[in-house]
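Colleague: Below is the sequence, then the predicted model.
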Protein chains: 2
Amino acid sequence: MPTYDLDELDWKILEQVQTDGRITNHELSERIGLSPSPCLRRLKHLEAEGVISRYVALVDPSQVGLGVSAFIRVRLDQQGDHHLDAFEKAVAEIPEVMECYLMTGDADYQLRVLVDSLASFEDFLRYNLTRMPGVSQVTTSFALRPVVYRTALPALSKKSAKSRD
Amino acid sequence: MPTYDLDELDWKILEQVQTDGRITNHELSERIGLSPSPCLRRLKHLEAEGVISRYVALVDPSQVGLGVSAFIRVRLDQQGDHHLDAFEKAVAEIPEVMECYLMTGDADYQLRVLVDSLASFEDFLRYNLTRMPGVSQVTTSFALRPVVYRTALPALSKKSAKSRD
DNA sequence: GATATATTGGCATTATATTCCAAAAATGCA
DNA sequence: TGCATTTTTGGAATATAATGCCAATATATC
């Protein structure tokens, strides 16, 4: 849940830094219509509160030979808390796992993994996934091509956006 | 396919900037064991080549009230090129769509969308998705909880990593 | 082994971030 | 509405970092 209230200016800052994480404070302050020092203070505040969790460079997977995205749905043989924990800890250790979610529906988890080839994917399945604690059923679909990949969050619709008229 | 060969130092740079996109060049150069100016030149080169596609701030969805991740599998009624194009263009316009992939298997597309509530999700389905060109079947699963979310790519295993012994 | 090419390291310059403090604005309260 | 308090702002001074340049070193080529 939202730790503290964001006003218009904070949202503008988030919008900008989500687009360009290396924007200078000066440029940022101009875009949001505020002078540099309060702008910086707001930014630091957003960082300190954890609203901005981190800054990263995004590397194009296809440029470095990582052409295969696989979506894997996993069922565990038991769903008790410590079975889930064990699986989650194990999965977090594997660098090929870009995303993993605990799911509703007939799969317990869904993973997106990134590998350079189908051969590597097979290795991943054999040596990593199927050896993980509690894994009983695994179903894979492959992405033929990425269409959208976004890290910037959508703006909140009406309601939560605190209006100040 | 890889546009140009990355050596050990380039990989180290990528590893670092994927972890901290605002690392100073000085700090970066120390971590990879090189002096600042060639380090900066390599970094700029990686940017210019598009290996580093961009720098972004990551905002924690739960901190801003975006608590619901939905995975949607979509079938189109026809799969000709311009039906796919039309769908893809439409989908790219919707800010709630964080990811979309053209898939193998029985769904044509898989989307991850991020909304603040089930009510918003219903709006998304009614007013956005089902009105999009060619959509015939839609199947949703929800994420109960994110387990892993990573933007740093896995290191390439052996093979493609050009060894220089 | 000599020449050519590419890469590196250090320095000077320019740009950027950070800190501090006084001024202004917003808020709470009578 | 008017006054006091709190919060936020803007600008100037200082510290830190990025950038461009050039000579020195290392690497590759023949």
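Modeller: Nice, I can see it.

Colleague: What segments of chain A are helices?
Modeller: With DSSP state H as the definition, chain A shows helices at residue ranges A:8-19, A:25-32, A:36-48, A:81-92, A:118-123.

Colleague: Okay, domains of chain A per the record?
Modeller: A:8-57, A:61-143 (automatic domain parsing).

Colleague: The longest strand seen in chain A: which residues count as buried?
Modeller: Secondary structure of chain A per DSSP state E: the longest strand is strand A:135-149. By neighbour count on 16 or more other Cβ atoms under 10 Å in any protein chain shown, the buried set for strand A:135-149 is A:135, A:138, A:140-143, A:147-149. Where you see a C-beta, it was placed from the backbone N, CA and C, and this is true even at glycine.

Colleague: Summarise which helices and strands it is packed against.
Modeller: Here strand A:135-149 touches strand A:68-76, helix B:81-92, strand B:97-103, strand B:109-115, going by 3 or more Cβ pairs under 8 Å, 6 or more residues apart in numbering or on different chains; DSSP states H and E.

Colleague: Just name the most buried of these.
Modeller: Counting by mean count of other Cβ atoms under 10 Å in any protein chain shown, strand B:109-115 has the highest mean neighbour count of the helices and strands packed on strand A:135-149, with a mean of 23.

Colleague: Report the angle between that strand and strand A:97-103.
Modeller: 70 degrees (axes from the mean of the first three to the mean of the last three Cα atoms, to 10 degrees).

Colleague: Partner strands of strand B:109-115 and their direction?
Modeller: Using DSSP bridges, the strands paired with strand B:109-115 are strand B:68-76 (antiparallel), strand B:97-103 (antiparallel).

Colleague: Give me the mean pLDDT for that strand.
Modeller: Average pLDDT, strand B:109-115: 98.

Colleague: Give me whichever of the helices of chain A is most buried.
Modeller: Highest mean neighbour count of the helices of chain A: helix A:8-19, a mean of 18 (counted as mean count of other Cβ under 10 Å).

Colleague: by contact count, what packs against it?
Modeller: Checking 3+ Cβ pairs under 8 Å, 6+ apart, helix A:8-19 ends up next to helix A:25-32, helix A:36-48, strand A:52-59, strand B:52-59.
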